[in-house]
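Q: Sharing a model prediction with you, sequence too.
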Amino acid sequence: MTDHLHLSGVSHGYGDRQLFDAVHLVIPHGEHVAVVGENGAGKSTLLRLLAGVETPDDGEAGFSGNPAYRVGYLAQTHGMAESLTVGDAIDASLGALRSLEAHIAELERGLSEADTETLELYGSLQTEYQLREGYAAESRVEAALDKLGLGGVDRRRTLGSLSGGEQERVALACLLADPAEALLLDEPTNHLDATGTAWLESRLVAHRGTVVVVSHDRVLLKKVASTIIEVDADRRSVNRYGNGYDGYLREKAAERARWVQQYEGWVDAIAAERLQAATVADRMGYGRRRDKDKMAFSFKSGTWQRAAASKVRNAQERLRRLEENPVDRPPVPLKLAAPLGSVAVDVSEPALEARGVSVPGRLQPTDLRVEAGQKVLITGPNGAGKSTLLSVLAGVLEPASGSVAAPGRVGYLQQELDVPSRPELRLLPAFAAGLGGTIDDHAEDLLRLGLFRPAEFHVPVGGLSAGQQRRLALARILLGGYDTMIVDEPTNHLAPVLVEQLEAALATFSGTVVIVSHDRALGEWFDRCAAGAGGAGAAGTWVRYGMRDGGLL
């Protein structure tokens, strides 16, 4: 087989939690793949195994083919030392290309006396340099930084002086400065605005090599991927689907319908065989006849009883075979069912009102009035001040000037979650912390919400994936009984199906919602609701604001 990424008989997990069981997967060179699945199913682990960053417990994983084939990997967190400057990071990403340049320059100095072997080596290096578009590497870096909102960044700045989102964008620009034949990217759009996401999409679509991307961005999934690989947490396997993301959704629905039909058929067959065996056995005990019929009945009953016993044995044999070859019950998919519909809305005063709030260098003096029951979406490029404004509205960040009035209970979901202060704490107690009530009540609420299965309630929060951490924070705000919810990039790290269910829950919420998001599909959903086409139950009025250079437009 030609160049390809693969898993061969891979079994892998962490502690007593098994993610993959004897998994086989081949991704040939040139295929564009999106990896989907529930949060915590193992999508990021799959990427690390394919990239060779992590070694499987059993089996083989990584790349097979030409030794010169390069695999580029972008993790959710870049892993570079914060003491590095932006220039250092760029130089490191271009190190192999600059070594190639130096080798070519060294050979050029002696070309007049070069032998055939040296000339052939020089030609092959020149070809490689041209194929990698080495002459355009520096301009690619500048273009990437510009499209990712970092065009004016000083290369002497340390990574530690940048925000988390800026650091991730530097890492992405470095990865694409000298793109490898295979690009493996884990949630690359989390810190990108609409311009950056559109630019990344075009780069990935145009990439002639392999692309494997984990993403919650539904638009990107549809545009970039021809193949979908689903990580199945219940079966500890991976499944391949063709015909893009829409084809995956159709096939997934049909696959589940077939599974449900097979399971129900198996259950019905079990019940039918048990009923038949019980009915025949019962009839074998029935045979009271009048005395004058005893002789005739005695003769016939022996024959009938032998036939009936044979039927019972046959039914029991069929039952045994059915029970030895069970059809697994289809797992109940996670489905967010947030009870958000009924909070008291006092329309006599605004739910939020900011007057002249400002933060030096981040937020210009800003006024914003959000009416009770209103749904507000704030969009804009990176660095526009959106997250700063939300932090001020939520009371987390003290403004240098101005004031904020929020008469009701306000819940806040921030974009970047803090590292758990007690990583050993189990999920259920972490969810219940500070909420009052009994742990049993909280378990019932969390189970009814549909974001976690009971088996996950006992997982330490330090062992949760980024998506599971996000779901935990989301659960606390959705079940907190808030009048107003302020949510910053709510779709980050969430599986697409959960994003759609979150949209439906927010649409029917009678309280107030303020959202900051770069998610284009969420923006389209918001505009449909604002136009009255958001479906039944869409509550309140819908207002979209743009933001740029620290001020609302």
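A: Happy to help now that I have it.
Q: which residues of the stretch 351-500 of the chain fall in strands?
A: Along the stretch 351-500 of the chain, counting by DSSP state E, counting those that start in this stretch, strands occupy 352-359, 363-370, 375-379, 401-405, 410-413, 484-488.
Q: Within its sheet, name the partner strands of the second one and how each one runs.
A: Within its sheet, strand 363-370 is paired with strand 352-359 (antiparallel), according to DSSP bridges.
Q: Go through the strands of the stretch 351-500 of the chain and name the closest to Ala533.
A: Nearest of those to Ala533, taken as C-beta to C-beta: strand 375-379 at 14.3 Å. All C-beta spots, glycine's among them, are computed from the backbone N, C-alpha and C.
Q: For the closest one, report the contacting residues that lie outside it.
A: Residues from elsewhere that reach strand 375-379 (C-beta atoms under 8 Å, 6 or more residues apart in numbering): 194, 370, 386, 389-390, 506-507, 512-518, 522-523, 526, 529, 539-547, 552.
Q: Select from those every entry located in helices.
A: Residues of the contacts of strand 375-379 located in helices (DSSP state H): 194, 386, 389-390, 506-507, 522-523, 526, 529.
Q: Most neighbours among those, which one?
A: Among the ones in helices among the contacts of strand 375-379, the one with the most neighbours (other C-beta atoms under 10 Å) is Leu389, at 30 neighbours.
Q: Ala272: neighbouring residues, count only.
A: Ala272: 14 surrounding residues under other C-beta under 10 Å.
Q: In contact with it: list those residues for me.
A: Ala272 makes contact with no residue, according to C-beta under 8 Å, 6+ apart.
Q: That one: which element?
A: Element membership of Ala272 [criterion: DSSP states H and E] is helix 244-284.
Q: mind checking how far that helix is from the chain centre?
A: What separates the centre of helix 244-284 from the centre of its chain is 31 Å, taken as C-alpha atoms, centre = their mean, to the nearest Å.
Q: Determine which two of the ones in helices among the contacts of strand 375-379 are furthest apart.
A: Leu389 and Ala507 (22.9 Å).
Q: Out of the ones in helices among the contacts of strand 375-379, the closest to Ala400 would be?
A: Nearest to Ala400, judged by C-beta to C-beta, of the ones in helices among the contacts of strand 375-379 is Leu389 at 13.3 Å.
Q: correct me, but the closest one touches Pro365?
A: No. With contact defined as C-beta atoms under 8 Å, Leu389 does not count as touching Pro365 (11.6 Å).
Q: Can you work out which residues contact both of the two?
A: The contact lists of Leu389 and Pro365 share Val357, where a contact means C-beta under 8 Å, 6+ apart.
Q: Any figure for the gap between Ser44 and Thr379?
A: According to C-beta to C-beta, to the nearest Å, Ser44 and Thr379 sit 28 Å apart.
Q: So for those two, which residue has more residues nearby?
A: Set side by side, Ser44 and Thr379 show more neighbours around Thr379, with 23 against 20, by other C-beta under 10 Å.
Q: Just list whatever residues bridge to the more buried one.
A: Gly546.
Q: pretty sure Val36 belongs to a strand, no?
A: Yes. Val36 forms part of a strand when assessed by DSSP: H, G, I helix; E, B strand; the rest coil.
Q: That one and Thr227 touch, don't they?
A: No. Assessed by C-beta under 8 Å, Val36 is found out of contact with Thr227, at 11.0 Å.
Q: Reformat the strands of the stretch 351-500 of the chain as CSV; add distance to Leu472 and mean pLDDT.
A: Below are those laid out as CSV (distance: least, C-beta to C-beta, whole Å; pLDDT from 0 to 100):
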stretch, distance to Leu472, mean pLDDT
strand 352-359, 25, 96
strand 363-370, 27, 96
strand 375-379, 24, 95
strand 401-405, 27, 96
strand 410-413, 11, 94
strand 484-488, 14, 94
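Q: Redo those strands as JSON lines? Include distance to Val86.
A: Converted to JSON lines, those look like this (distance: least, C-beta to C-beta, whole Å):
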{"stretch": "strand 352-359", "distance to Val86": "24"}
{"stretch": "strand 363-370", "distance to Val86": "25"}
{"stretch": "strand 375-379", "distance to Val86": "27"}
{"stretch": "strand 401-405", "distance to Val86": "32"}
{"stretch": "strand 410-413", "distance to Val86": "30"}
{"stretch": "strand 484-488", "distance to Val86": "25"}
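Q: Mind checking the ones you listed for the one nearest to Ala171?
A: Of all the strands of the stretch 351-500 of the chain, it is strand 484-488 that lies closest to Ala171, at 21.2 Å by C-beta to C-beta.
Q: CA atoms only for that closest one, dumped as PDB, please.
A: Listed next in PDB are the C-alpha coordinates belonging to strand 484-488 (Å, rounded to 0.1, in the frame of the first residue of the first chain):
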ATOM      1  CA  THR A 484     -29.700  35.800  32.600                       C
ATOM      2  CA  MET A 485     -27.100  33.600  31.000                       C
ATOM      3  CA  ILE A 486     -23.900  35.100  29.500                       C
ATOM      4  CA  VAL A 487     -22.100  32.500  27.400                       C
ATOM      5  CA  ASP A 488     -18.800  33.000  25.600                       C
END
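Q: In terms of secondary structure, what does that strand contact?
A: Identification of packing neighbours for strand 484-488 by 3 or more C-beta pairs under 8 Å, 6 or more residues apart in numbering; DSSP states H and E yields helix 386-393, strand 410-413, helix 466-478, strand 512-516.
Q: which other helices and strands contact the shortest one?
A: Meaning strand 410-413. The contact analysis (3+ C-beta pairs under 8 Å, 6+ apart) places strand 410-413 against helix 466-478, strand 484-488.
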